[in-house]
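In: With the sequence up front, the predicted model follows.
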Amino acid sequence: MKIVDVTEFYSDRGGGVRSHLSLKGHILCQLGHDHVVLAPGRQDSVNTVETAGSDGGRARVIRIGGPASPYDASYHLLARFDKIRAIVAREKPDVLEIHSPYLAALGALRVSPHHYGIRTFQWHSDFIDTYAGVLAASVAGRSGPLGPSFARVLGPATRPLWGLVRGIARRCSATLVASQWQVDKLTLHGVPRVRRVPFGIEHTIFQPSARSRQARRELLALAGRDANAETTVLVGVGRFAVEKRWDVVIDAFLRIRSDPRVQQARDAILVLFGDGPERDRMKARASHSADVIMPGFVKDRKELARMLASADALVHGCPFETFGLGIAEAMSCGVPCVVPDQGGAAEMYIPEACEKYISGDASACALAVLSLIDRLRTNAPAMRDAAANAARKLPSVREQFERQMALYDELTRGICRRGP
């Protein structure tokens, strides 16, 4: 098969969608399929990123030049619909997949059905409730959970947006989601043909054996700690954007560190891996504490696994995750987690290795972190084993895309049976 994925979420410095599509290209190439990512960039370009021999597949990235995004200049706008149509007409894919409900969707929906086999829609971002929730919290002037009055106002305001999502989905053979809560949510909003394909884990990379004393020393050194210091090392990983709610994680940590009554957490550091438009603002938020460190985005997956596995726990703030891949990768490394009680992050929760708190509530997050630290001091090996065992139940990346290809085959055969 040939698959063309159309996305505008393809940053030069990484990101969840780019990671997903890079892994997809790698696996599909190995399976003998052709994979094309159609994404915006600074200028038009074509890059063959991987081949699997003369009888195997090929993975390419085709960039369409466009202006930088006003929110994050590492992303660009996919506004040349004429070029999308021309490229798809030339490639003639078996599957044309939409990876954003914005310009990528508009462009892909304008392609003639004569130029592809089936069209699908990958649901990466719970964008409606995400940005409505962030806006409401901003208006409320607080970081806590939204009250019922805001929910009553936001409900009618988001109906046209859900109408947009239904409109995209009706023109696709399936809408693909990674978590069960997203299946339930989209179905509740009348989105047709929702199919679940859980994300996979690179189990051979994100594993407990990635833990090392040297990596732990490197983490401690980031905060100027001695290699033998009895310091609780907390980590977080993800893009620095408003919806990720790093403000909740940072505020929770600062509350813990400033409370003289909390003896068990007096020596702790928080290392946040990632990059994005909110990074400077988050650095300013934590500027009076040398114990909050933001070393940037880690592109090398093995290096990220080494750092995650060598920490004591991961703390996550985003209640809008459609899956929670960073949490799953941390747990695959045997790292216990503190997660909000909503979204894909909450779906990753297991009581044997995690603590859960009210989404958006920094005080509740602080208490959950303290509870996890207390449990780690008495039961860390069992908690690490429980986290790793839970993650092993998730598919591998190869299994994920084998399932996705099986779904494509099923949908394609269904179209063929029905005829044009």
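Out: Looks like it arrived, so ask away.
In: Which other helices and strands does the lengthiest helix in the chain contact?
Out: For the chain, the helix that runs over the most residues, judged by DSSP state H, is helix 362-392. Judged by 3 or more Cβ pairs under 8 Å, 6 or more residues apart in numbering; DSSP states H and E, helix 362-392 is in contact with strand 232-237, helix 246-258, strand 313-315, helix 325-332, strand 337-340, strand 354-357. Just so you know, the C-beta spots here come from the backbone N, C-alpha and C atoms, and that holds for glycine as well.
In: Mind listing what's buried along the longest one?
Out: What it means is helix 246-258. Counting neighbours by 16 or more other Cβ atoms under 10 Å, one finds that the buried residues in helix 246-258 are Trp246, Asp247, Val248, Val249, Ile250, Asp251, Ala252, Phe253, Leu254, Arg255, Ile256, Arg257.
In: so can I have CSV of those residues showing pLDDT and distance to Val49?
Out: Formatted as CSV, the buried residues of helix 246-258 follow (pLDDT from 0 to 100; distance: Cβ to Cβ, whole Å):
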residue, pLDDT, distance to Val49
Trp246, 97, 30
Asp247, 96, 35
Val248, 97, 36
Val249, 98, 33
Ile250, 98, 35
Asp251, 97, 40
Ala252, 96, 39
Phe253, 96, 38
Leu254, 94, 41
Arg255, 92, 44
Ile256, 90, 43
Arg257, 85, 43
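In: The residue nearest to Ala68 when sequence neighbours are not counted and Ala59: what is the separation?
Out: If the residues on either side of it in the chain are set aside, Ala68 comes closest to His76, at 5.7 Å by Cβ to Cβ, 6 or more residues apart in numbering. Note on His76: its distance to Ala59, by Cβ to Cβ, to the nearest Å, is 20 Å.
In: which ones are touching the residue nearest to Ala68?
Out: Contact criterion Cβ atoms under 8 Å, 6 or more residues apart in numbering gives Glu8, Pro40, Gly41, Arg42, Gly65, Gly66, Pro67, Ala68, Ser69 as the residues in contact with His76.
In: and the helix or strand hosting Val61, which strands flank it?
Out: Here Val61 is covered by strand 58-65, with elements defined by DSSP states H and E. Paired with strand 58-65 in the same sheet, following DSSP bridges, are strand 34-41 (parallel), strand 45-51 (antiparallel).
In: any chance you could map the helices in this structure?
Out: Chain-ordered helices for the chain, with DSSP H as the definition, fall at 16-30, 81-91, 103-109, 127-140, 148-170, 180-188, 213-222, 246-258, 279-285, 301-309, 325-332, 343-347, 362-392, 397-418.
In: Format these as JSON lines; extra columns: distance to Ala268.
Out: Listed next are these as JSON lines, based on distance: least, Cβ to Cβ, whole Å:
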{"stretch": "helix 16-30", "distance to Ala268": "27"}
{"stretch": "helix 81-91", "distance to Ala268": "49"}
{"stretch": "helix 103-109", "distance to Ala268": "41"}
{"stretch": "helix 127-140", "distance to Ala268": "26"}
{"stretch": "helix 148-170", "distance to Ala268": "33"}
{"stretch": "helix 180-188", "distance to Ala268": "31"}
{"stretch": "helix 213-222", "distance to Ala268": "11"}
{"stretch": "helix 246-258", "distance to Ala268": "7"}
{"stretch": "helix 279-285", "distance to Ala268": "17"}
{"stretch": "helix 301-309", "distance to Ala268": "16"}
{"stretch": "helix 325-332", "distance to Ala268": "17"}
{"stretch": "helix 343-347", "distance to Ala268": "21"}
{"stretch": "helix 362-392", "distance to Ala268": "7"}
{"stretch": "helix 397-418", "distance to Ala268": "33"}
